[in-house]
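> give me a model of this one.
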Amino acid sequence: MAGMSEIEAHLPDGIGLDFEEVRALLAHKHETIVGTDDPVLMLVTLHNAFLGEYEKLLARHNAAITTMLAEKTDGYVAGVLAATESLAKDLSAASIESVRKMHQEHNAAMHAFRLNLMWLAAIVAISALVNVVFFVLRGAQ
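Numbers count the residues shown, from 1 in each chain. Below you'll find the model as predicted:
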């Protein structure tokens, strides 16, 4: 146990305890002095090894979750883009249809206006002829 280096006694990111920390903790909490060759320190080695393996497992899970979320996010973004493009096409088609309908309505109104204008011009021309004939006949008497 004494041959275990400082690096082996500590796990990355400060996880795990070294032998001196364990001995100090036992002395403080239980008022028991544990020697450097005490077999109870084997539990520290086992627990630190367990924590190391647990960190590896967490790293694998983190990588898997990150990959899954990235894939799901890509799928979600693709779905949103497809929906947006579809909506844009539908709105454009609706706008074009609305403009086309308005143009047809305007053409129909213009056609009716021209027809009415021709009738009014004909009525004015006939009225003018009637007036001219009336005044000419009256003037001839």
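> C-alpha only now, for contacts and for neighbours.
Fine.
> and the longest helix anywhere in the chain, what does it pack onto?
The longest helix of the chain (DSSP state H) is helix 41-140. On a contact count with 3 or more C-alpha pairs under 8 Å, 6 or more residues apart in numbering; DSSP states H and E, helix 41-140 meets helix 19-30.
> by how many degrees do the helix it packs on and helix 41-140 diverge?
On the basis of axes from the mean of the first three to the mean of the last three C-alpha atoms, to 10 degrees, helix 19-30 is oriented at 100 degrees to helix 41-140.
> how distant is helix 19-30 from the center of its chain?
With C-alpha atoms, centre = their mean, to the nearest Å as the basis, helix 19-30 stands 53 Å off its chain's centre.
> give me the low-pLDDT residue ranges for the protein?
For the chain, applying pLDDT under 70 flags the ranges 1-15.
> recalculate using a threshold of 90.
Across the chain, the ranges flagged by pLDDT under 90 are 1-23, 25, 32, 34-38, 40-49, 51-52, 67-103, 134-141.
> centre-most residue in it?
Centroid-nearest residue in the chain, with C-alpha atoms, centre = their mean: Val77, separated by 5.9 Å.
> next, Val33: secondary structure please.
If you look again at residue 33, you'll see it is Ile, not Val. Assigned with DSSP: H, G, I helix; E, B strand; the rest coil, Ile33 falls in the coil class.
> tell me the phi and psi of it?
phi -90, psi 130 (degrees, to the nearest 10).
> burial measure for it, as a count.
13 (other C-alpha atoms under 10 Å).
> for it, give me its contacts.
Shown in contact with Ile33 (C-alpha atoms under 8 Å, 6 or more residues apart in numbering): Arg23, Leu26, Ala27.
> among the residues you listed, which ones are buried?
Buried residues within those, counting neighbours by 16 or more other C-alpha atoms under 10 Å: Arg23.
> so which of the contacts of Ile33 comes closest to Leu41?
Arg23 (8.4 Å; C-alpha to C-alpha).
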